[in-house]
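J.: curious how this folds, go ahead:
(3 chains)
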Amino acid sequence: MPELPEVETTCRGIAPHTEGKEVKAIVVRQPKLRWVVPNSIQEMVGQRINKVARRAKYVLLETDIGTTMVHLGMSGSLRVVDDSLAPDKHDHVDIILDTGKALRLHDPRRFGAVLWTQESIDTHKLIGHLGPEPLTDAFDVDYLVGCAARRSVSVKQFIMDAQVVVGVGNIYASESLFMAGISPKRAANKVSKKRYALLTQCIKQVLARAIEQGGTTLRDFVQAEGKPGYFKQELNVYGRAGEPCNTCGELVVQLKQGQRSTFYCGSCQR
DNA sequence: AAAGACACCTGTCCGC
DNA sequence: TGCGGACAGGTGTCTT
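T.: Now for the predicted structure:
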């Protein structure tokens, strides 16, 4: 489910309930997620959560002595619930706070992760090699053009490459390319600098707007309070194969690129 | 070095 | 109603 806007929405939703609160207990009902939840996660018990942050698609719960990293995978969501609320089948991990609330990870497919690290996040094995955040100034046209040199992969797969830029997943890659009028099939090194300048802006705009709308709920994403995101109604191409393009009326096309579905308008995108 | 395939897992939907 | 197969928002790892 979650791309950058959904993870950011989650962070913003849980922050008021977790920042400054102490962790009273951690309950792991199903340790087998993408990686087995480490026993060292219990080191977080008794610690105060100083800050909720995000890097790429990781939710970071920072304490004085270490950081808990939560990844939502394809089907994960993190909610704030009353500690006493009975867990569902796929509620795998609870981080129980001293307020009577708990952060509850729900993840049917178990592609998500809960990890504990004492090292600096910037150099962490899973994060150190990642590209810049798309909503920062470090992500600009010169940077993107530099990355694209000698890359024959399609521009859609290129912008989904986390070593190039983080947070752009399957929905927002298609949407950004539609907004920029660029064909997803074009090779990354065959896109002009002028069009990369536009694409850079479109990626920022699409992600920012999706965050404003609380993310996109396709099937199971929910925000911290359990509400869906509302960006789905603003999708122009994703999931709209066979429907008319909102701009020109031509039918939206679906294809596979790197095992993932891509949606685009063959008339508006060149 | 880069590109492509595969793996992980459950739920849902569609056609027969 | 049941069954098989395809598909789903991610990403590390292995093979070409």
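
J.: what number of residues are in the vicinity of the residue nearest to residue A:99 when sequence neighbours are not counted?
T.: Excluding its sequence neighbours, the residue lying closest to residue A:99 (Cβ to Cβ, 6 or more residues apart in numbering) is residue A:21, at 5.5 Å. C-beta here means a position set from N, CA and C on the backbone, and glycine is covered the same way. By other Cβ atoms under 10 Å, the residues close to residue A:21 number 16.

J.: how about residue A:21, what does it touch?
T.: By Cβ atoms under 8 Å, 6 or more residues apart in numbering, residue A:21 lies in contact with A:48-49, A:97-99, A:101.

J.: so where does whichever residue of the stretch 101-250 of chain A sits closest to DNA strand B fall, helix or strand?
T.: Closest contact between the stretch 101-250 of chain A and DNA strand B, by Cβ to the nearest atom of the strand, is at residue A:109 (3.3 Å). Under DSSP states H and E, no helix or strand contains residue A:109.

J.: that one - nearest residue in space that isn't next to it in sequence?
T.: Of all residues not flanking residue A:109 in the chain, residue A:75 sits nearest, at 4.2 Å (Cβ to Cβ, 6+ apart).

J.: quick check: residue A:152 touching residue A:187?
T.: Yes: assessed by Cβ atoms under 8 Å, residue A:152 is found in contact with residue A:187 at 5.1 Å.

J.: the more surrounded of the two?
T.: Per other Cβ under 10 Å, whichever of residue A:152 and residue A:187 has more neighbours is residue A:187, with 13 against 9.

J.: ok, the more buried one touching residue A:151?
T.: Yes: using Cβ under 8 Å, residue A:187 is in contact with residue A:151, at 7.4 Å.

J.: residue ranges with poor pLDDT in the stretch 151-270 of chain A?
T.: Of all residues in the stretch 151-270 of chain A, none has pLDDT under 70.

J.: can you report how many residues lie near the closest residue to DNA strand C within it?
T.: Nearest residue of the stretch 151-270 of chain A to DNA strand C: residue A:169, at 2.1 Å (Cβ to the nearest atom of the strand). When neighbours are counted by other Cβ under 10 Å, residue A:169 registers 22.

J.: again, but for residue A:79
T.: Residues near residue A:79, counting by other Cβ under 10 Å: 21.

J.: which ones are touching it?
T.: Neighbouring residues of residue A:79 by Cβ under 8 Å, 6+ apart: A:103-104, A:106, A:222-226.

J.: how about the residue of the stretch 151-270 of chain A closest to DNA strand C, phi and psi?
T.: Taking degrees, to the nearest 10, you get phi -100, psi -160 for the backbone angles of residue A:169.
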